[in-house]
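Asks: would you be able to build a 3D model of this:
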Amino acid sequence: MTAKTSWFQTTAIDYPNSRPHIGTAFEKLGADVQARYRRMEGYEVFFLMGNDENTVKVSKRAADLKLDTQAYCDDMARQFREVWDALDISYDTFVQTSSERHKQCCRKFIQKVYDNGYIYKGEYGGWYCEGCEEFKSEKEHKDNAGLCPNHKTPLIRRSEPCYFFKLSAFEDRLLKYYEENPDFIQPESRKNEIVSLIKTDGLRDINISRQGEEWGIRIPFDPEFTIYVWFDALLTYITGIGYGDDRTTFDKYWPCDVHFIGKDITRFHCALWPAMLWAAGEQAPKRVFAHGFVNIKGEKIGKALGNVIEPMDIITKFNVDAFRYYFLRECPYPSDGDFSWERFADVYNSELANNLGNTLSRCVTLITKNFACELKGTAGEKPVNILATQIPILKSSGEQDGRSVTSTQMIQDQVDLPRITYAIRKSVEDCQYNQALHSIILNILTPTNQYLESNAPWKLVKTDKEAAKRVLFNAVQSLRIVSILLKPFIPKSAEAIYTSFNFPKPWAEVKYADATELQTQPDDLRVTAVLEGDKVKPLFPRIG
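Replies: Reported below is the predicted structural model:
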């Protein structure tokens with residue numbers, strides 16, 4: 001047996017100064033789809049998440065609540081994990097940067113960079129934002145009337161002795177790395193931003209320490225200082241897989257296959273992070289994917305605007321898969337998306353309740369009521385391809401006023417299942433999740449519903465029971481394909497669909513390749529779902 005290929009991915013490490021909102025969850029959903037898909041494809045996946053706790057604003061928040069900082073961090077980690085578990089995020093480890101192990105491994109890393117000659121002592125002064133925990137340039141200060149461009153709060157003039165990291169030493173190497181690895185920064189628009197930034201402004205050495213802070217990680221070669229948050233937080237990606245005390249595990253998973261991050265922190269992950277790794281003698285990650293934001297009716301999410309929506313608000317009102325589906329379907333992962341309760345209801349009813357849930361309910365109910373839960377004689381039968389799509393063709397309509405006139409005519413064309421599933425797989429691998437879902441609905445689920453409507457097995461069963469059986473057999477086999485393709489997106493609902501019938505392959509073992517062709521049913525097709533009367537429990541009850 002050949003060893004599985006490893007796959008390592010991370011999400012951004014979150015500040016726990018408040019509970020996660022739907023924008024924070026959006027990143028985790030996109031990463032989770034990739035992790036679940038890679039597991040289906042046979043990869044040995046390690047999916048890392050965590051909280052960034054060694055920050056000024058976290059210690060301030062704890063002080064405001066009159067809590068011990070560590071106790072506050074531990075409780076917030078519990079709350080974050082509670083949300084991620086409710087969203088079915090299949091992470092393998094959750095790192096708290098305040099943990100003693102992380103601190104020890106960070107110290108080993110920064111000592112290595114210092115020993116290699118890439119850290120020196122100096123003095124730094126500039127405009128500082130406590131929200132970003134970074135210094136802003138004079139230009140940013142001027143262009144934003146003295147306010148942070150992100151938080152809209154006044155920048156503070158700050159001067160302090162510090163340690164610098166020689167980021168400028170890696171400018172040429174970074175540009176060469178981008179050129180030799182064109183997929184390193186995704187999407188392409190983010191890559192263009194970073195390349196333009198470096199070529200236009202260059203890279204300056206950066207302050208990586210703080211003096212006089214009680215909360216944080218002490219620098220091993222000068223304990224008067226603590227490690228600046230970004231130089232600490234980014235290290236989570238490697239301390240979480242063994243850097244500093246478990247080289248075997250670290251070498252198994254590093255370099256990282258993909259870091260999922262928000263577009264606002266691209267610079268840190270695509271310039272500072274590779275340079276840090278090179279300074280310590282390690283490899284750069286393979287890919288950084290910068291996603292967009294979720295807005296509320298076009299407005300950025302923020303406490304000041306009073307429009308924060310927590311994931312649990314949606315999950316408890318509907319269900320986890322409805323939450324997952326909406327954001328993956330409606331919010332293009334590389335770009336910004338939007339949420340409104342009205343649009344949520346529209347998508348839920350049209351695509352989940354009416355299309356997906358209703359198709360399953362129809363098939364199960366008709367088989368249980370009319371065939372005693374079993375389509376006898378279907379063993380050894382291969383379903384026919386019922387999937388057809390409307391495609392436009394141009395048709396000449398003669399001449400008018402001396403000009404040739406054409407019109408568009410829609411014709412039915414049979415779906416090439418391997419081609420469609422290949423395109424869906426490619427969309428998933430490229431993190432184009434909305435395109436993948438659109439294709440599943442448009443090319444497989446909707447034609448299946450149209451097939452049922454046009455053949456009306458609920459009527460046919462009264463006049464030609466054998467023909468009705470064939471229609472249902474074909475439709476159920478189409479549902480098998482849909483459930484497999486939806487597994488990374490809405491895992492609970494996909495499993496409910498697949499296990500409603502006696503498909504031969506165990507659910508835990510299905511791969512995307514199993515959806516590329518119509519397969520023979522070895523035994524007579526049977527309904528195996530838990531029934532309420534002669535009906536299956538609705539997957540997605542309609543929103544009234």
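Asks: measure stretch 296-315 end to end?
Replies: Using Cα to Cα, to the nearest Å, the span of stretch 296-315 from its first residue to its last is 17 Å.
Asks: now do the helices in the stretch 301-450 of the chain.
Replies: For the stretch 301-450 of the chain, the helices defined by DSSP state H, counting those that start in this stretch occupy 311-317, 320-330, 341-347, 358-371, 417-429, 433-440, 446-455.
Asks: residues in contact with the fourth one?
Replies: The set of residues that contact helix 358-371 without belonging to it, under Cβ atoms under 8 Å, 6 or more residues apart in numbering, is 373-375, 445, 448-449, 452, 457-458, 461, 465, 468-469, 472, 475-476, 479, 497, 500, 525, 527, 529, 531, 534-536, 538-539. From N, CA and C alone the C-beta is placed, and that goes for glycine too.
Asks: circling back: could I get the helices of the stretch 301-450 of the chain as CSV with mean neighbour count and mean pLDDT?
Replies: What follows is those, written out as CSV (neighbours: other Cβ atoms under 10 Å; pLDDT from 0 to 100):
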stretch, mean neighbour count, mean pLDDT
helix 311-317, 17, 90
helix 320-330, 23, 96
helix 341-347, 14, 93
helix 358-371, 20, 96
helix 417-429, 17, 94
helix 433-440, 21, 96
helix 446-455, 17, 93
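Asks: would you turn the ones you listed into TSV with distance to A145?
Replies: TSV is the format used below for the helices of the stretch 301-450 of the chain (distance: least, Cβ to Cβ, whole Å):
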stretch	distance to A145
helix 311-317	35
helix 320-330	34
helix 341-347	35
helix 358-371	55
helix 417-429	43
helix 433-440	37
helix 446-455	52
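Asks: where does this structure have low pLDDT?
Replies: Where the chain drops to pLDDT under 70, the residues are 1-4, 302-305, 388-415.
Asks: now with 80, please.
Replies: Where the chain drops to pLDDT under 80, the residues are 1-4, 133-135, 229, 297-299, 301-307, 388-415, 534, 544.
Asks: report the longest helix in it, please.
Replies: Ranked by residue count, the top helix of the chain under DSSP state H comes out as helix 465-486.
Asks: run the chain-centre distance for the helix or strand following that helix.
Replies: Next in sequence after helix 465-486, counting helices and strands by DSSP states H and E, comes helix 491-498. Helix 491-498 has its C-alpha centroid displaced from the chain centroid by 19 Å (Cα atoms, centre = their mean, to the nearest Å).
Asks: got the contact list for helix 491-498?
Replies: Contact with helix 491-498 is made by 36, 88, 319-321, 356, 360, 479-480, 482-484, 486-487, 507, 510, 529, 539-540, as judged by Cβ under 8 Å, 6+ apart.
Asks: could you identify the buried members of those residues?
Replies: With burial judged by 16 or more other Cβ atoms under 10 Å, the buried subset of the contacts of helix 491-498 is 36, 88, 319-321, 356, 360, 479-480, 482-484, 486-487, 510, 529, 539-540.
Asks: go ahead and confirm R107 touches I217.
Replies: Yes: R107 is in contact with I217 according to Cβ atoms under 8 Å; the separation is 6.8 Å.
Asks: show me which of the two is the more surrounded one.
Replies: Remark: of R107 and I217, I217 carries more neighbours, 23 against 18, as counted by other Cβ atoms under 10 Å.
Asks: so that one versus Y163, what's the distance?
Replies: As defined by Cβ to Cβ, to the nearest Å, I217 lies at a distance of 13 Å from Y163.
Asks: for D143, same thing?
Replies: When D143 is compared with Y163 (using Cβ to Cβ), they lie 29 Å apart.
Asks: excluding chain neighbours, what is closest to P255?
Replies: Once flanking residues are discounted, P255 sits nearest to Q283: 4.4 Å by Cβ to Cβ, 6 or more residues apart in numbering.
Asks: so who does that neighbour touch?
Replies: Taking Cβ under 8 Å, 6+ apart, one finds W254, P255, L277 in contact with Q283.
Asks: residues contacting the first one?
Replies: Pointing back at W254 there. Applying Cβ under 8 Å, 6+ apart to W254 gives the contacts F8, I238, I241, Y243, E282, Q283.
Asks: same question for V288.
Replies: Taking Cβ under 8 Å, 6+ apart as the criterion, V288 is in contact with F184, I185, Q186, V258, H259, I261, T266, H269, C270, W273.
Asks: dihedrals phi and psi, the fourth one?
Replies: This means V258. The phi/psi pair for V258 (degrees, to the nearest 10) reads phi -160, psi 130.
Asks: okay, now the spatially closest residue to it that is not a sequence neighbour: neighbour count?
Replies: Sequence neighbours aside, R287 is the residue nearest to V258 in space, at 4.4 Å (criterion: Cβ to Cβ, 6+ apart). Counted by other Cβ under 10 Å, the residues lying close to R287 total 18.
Asks: again with W278
Replies: Using other Cβ under 10 Å, W278 is surrounded by 19 other residues.
Asks: ok so, going back, how about the residue nearest to P255, secondary structure?
Replies: Of the three states, Q283 takes coil under DSSP: H, G, I helix; E, B strand; the rest coil.
Asks: coming back round to it: what is the longest helix of the chain packed up against?
Replies: Applying 3 or more Cβ pairs under 8 Å, 6 or more residues apart in numbering; DSSP states H and E, we find helix 465-486 packed against helix 358-371, strand 374-375, helix 417-429, helix 433-440, helix 446-455, helix 457-463, helix 491-498.
Asks: circling back to that earlier point, so who does the residue nearest to V258 touch?
Replies: Contacts of R287 (Cβ under 8 Å, 6+ apart): D183, F184, I185, Q186, C256, D257, V258, H259.
Asks: angles on the backbone of it, please.
Replies: Dihedral angles for R287 - degrees, to the nearest 10 - are phi -160, psi 140.
Asks: for F26, helix, strand, or coil?
Replies: Once three-state DSSP is applied, F26 turns out helix.
Asks: in contact with the residue lying closest to it once chain neighbours are set aside, which residues?
Replies: Of all residues not flanking F26 in the chain, V294 sits nearest, at 4.9 Å (Cβ to Cβ, 6+ apart). Each residue near V294 by Cβ under 8 Å, 6+ apart is listed here: I22, G23, F26, I301, F327, C331, D336, G337, D338, F339.
Asks: the helices and strands packed on helix 465-486: which one's closest to E82?
Replies: With Cβ to Cβ, the closest approach to E82 among these belongs to helix 491-498: 17.5 Å.
Asks: next SSE after that closest one?
Replies: strand 525-526.
Asks: pairing partners for the following helix or strand past that next one, with directions?
Replies: Next helix or strand after strand 525-526 toward the C-terminus (DSSP H and E): strand 531-532. Strand 531-532 has the following strand partners under DSSP bridges: strand 535-536 (antiparallel).
Asks: can you list contacts of the strand it pairs with?
Replies: L360, S361, V364, T365, T368, S500, V527, A529, V530.
Asks: quick check: the fifth one vs L445, distance?
Replies: From T368 across to L445, the span is 22 Å (Cβ to Cβ).
Asks: just the closest of the contacts of V288 to D68, please.
Replies: Set against D68, the nearest of the contacts of V288 by Cβ to Cβ is I261 (30.3 Å).
Asks: check which helix or strand that closest one maps to.
Replies: Counting by DSSP H and E, I261 is part of strand 258-262.
Asks: just give me how far the helix or strand that comes right after that strand sits from the chain centre.
Replies: With elements assigned by DSSP H and E, the helix or strand that comes after strand 258-262 is helix 266-267. For helix 266-267, the separation from the chain centroid amounts to 18 Å (computed by Cα atoms, centre = their mean).
Asks: same deal with stretch 114-132?
Replies: With Cα atoms, centre = their mean, you get 33 Å for stretch 114-132.
Asks: how about it: buried residues?
Replies: Applying 16+ other Cβ under 10 Å to stretch 114-132 flags Y114, Y118, I119, Y124, G126, W127, Y128, C129, E130, C132 as buried.
Asks: filter those residues down to just the ones in strands.
Replies: Using DSSP state E to define strands, the subset of those located there is I119, Y124, G126, W127, Y128, C129.
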